[in-house]
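1. sequence and predicted model, in that order:
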Amino acid sequence: MMSKAAYKILIADEESRIRSRIHMYLDHDGAVVEDAKLGESALIKALERDYDLILLNRTLPDMSGLDICALIKGMKTTPIILMSSKSDEEERILGFEAGADDYVINPFSPRELICRIHAILKRTKKNFRPQQQSTSSDIVLPQLTIEHEARRVLVRGIEVSLTLKEYDLLRYLALNEGKTFTREALLKEVWKCEPSGDLRTVDSHVKRIREKLQPSCEPGSTVIRTIWGVGYRLETGLSWTG
């Protein structure tokens, strides 16, 4: 049975990794999702079928996302969110002039993307009601739940025991899922100390969190991903077994 949040959405992006990651979050949110790798196929689907919203990459192999957006908006009123790595003002203006309803800059948090989708659907889809979390401070990601009042972490429904600081670190990364943080930034935000502190503290805590969560992960994968030369980010959509 579909939830009250059920809506139909098209993702147009060349990279299967990005499509799969967004797809997982949308599935969790109650969406019916279709994908397109190329601009031509995205355009055909958008014009022939009815979607509640379209997620459209600014750059596709065969067509410009701006051109696709303008063509769709010339014939239909389907809301469109443009996804792009280009963040300058001129690019955003071009996106809105092409008819985009919103513009998100990659890399972005999937949780932020869901919030943007909800904001548009509340305006455009009759009787749309987002799924309700148990409390506003809880974090519910694919396969991972963090219940803040109880300070409890559940992996696929199984509770995992973490120390206070391990919990704080995991929760901070989960709140910003998909974003990369340097060790200095994590020291400042989680430990509330100067970035000049011992960076090995962050590494040791990440290692222990991985060891505790590893039984629920695919072989060789990690929940907290190391971005070499930069720091860490949490990617639940890529790491958990289904």
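-> Done, it's in. Numbering: from 1, shown residues only.
2. ok, and what's touching stretch 200-212?
-> Contacts to stretch 200-212, defined as CB atoms under 8 Å, 6 or more residues apart in numbering, come from residues 160-163, 165-166, 169-170, 183, 186-187, 191, 222-224, 226, 232. Heads up, the C-betas are built off the backbone N, CA and C, glycines and all.
3. which among those end up buried?
-> Neighbour-count burial (16 or more other CB atoms under 10 Å) is assigned, among those, to 160, 162, 166, 169-170, 183, 186-187, 191, 222-224, 232.
4. gap between Val223 and Val153?
-> Between Val223 and Val153 the computed distance is 11 Å (CB to CB, to the nearest Å).
5. ditto for Gly74
-> Computed with CB to CB, the distance linking Gly74 and Val153 is 48 Å.
6. next one: Ala6
-> 28 Å.
7. with neighbour numbers in mind, choose between these two.
-> Val153 (23 against 14; other CB atoms under 10 Å).
8. residue contacts, that one?
-> With CB under 8 Å, 6+ apart, Val153 has these contacts: 144-147, 159-160, 162, 167, 170.
9. 10 Å instead?
-> 139, 144-147, 159-162, 166-167, 170-171, 174, 209, 212-213 (CB atoms under 10 Å, 6 or more residues apart in numbering).
10. before we move on, the earlier item: so which of the contacts of stretch 200-212 belong to strands?
-> 160, 224, 226, 232 (DSSP state E).
11. any idea which element the nearest residue to Ser109 once chain neighbours are set aside lies in?
-> Counting by CB to CB, 6 or more residues apart in numbering, Ser109 lies nearest to Gly178, which is 4.8 Å off, once chain neighbours are set aside. Following DSSP states H and E, there is no helix or strand that holds Gly178.
12. can you pull up the most central residue in the protein?
-> By CA atoms, centre = their mean, the chain has its centre lying nearest to Pro110, at 1.3 Å.
13. pLDDT value on it, please?
-> pLDDT for Pro110: 74.
14. tell me the spacing between it and Ile158.
-> For Pro110, the distance to Ile158 - CB to CB - is 23 Å.
15. ok, now Asp168?
-> For Asp168 relative to Ile158 (CB to CB), the value is 21 Å.
16. returning to that earlier point: and of the buried ones among the contacts of stretch 200-212, the nearest to Leu53?
-> Val223 (28.8 Å; CB to CB).
17. and that closest one, what's its pLDDT?
-> Model confidence at Val223, given as pLDDT, is 78.
18. pretty sure it contacts Glu235?
-> Yes. Using CB atoms under 10 Å, Val223 is in contact with Glu235, at 7.3 Å.
19. between those two, which contacts overlap?
-> With CB under 10 Å, 6+ apart as the test, Val223 and Glu235 both reach 141, 173.
20. shouldn't Tyr103 be within a helix?
-> No. Assessed with DSSP: H, G, I helix; E, B strand; the rest coil, Tyr103 is strand; it does not lie in a helix.
21. beta partners of Ser64?
-> With DSSP bridges applied, Ser64 shows beta-bridge pairing to Thr59.
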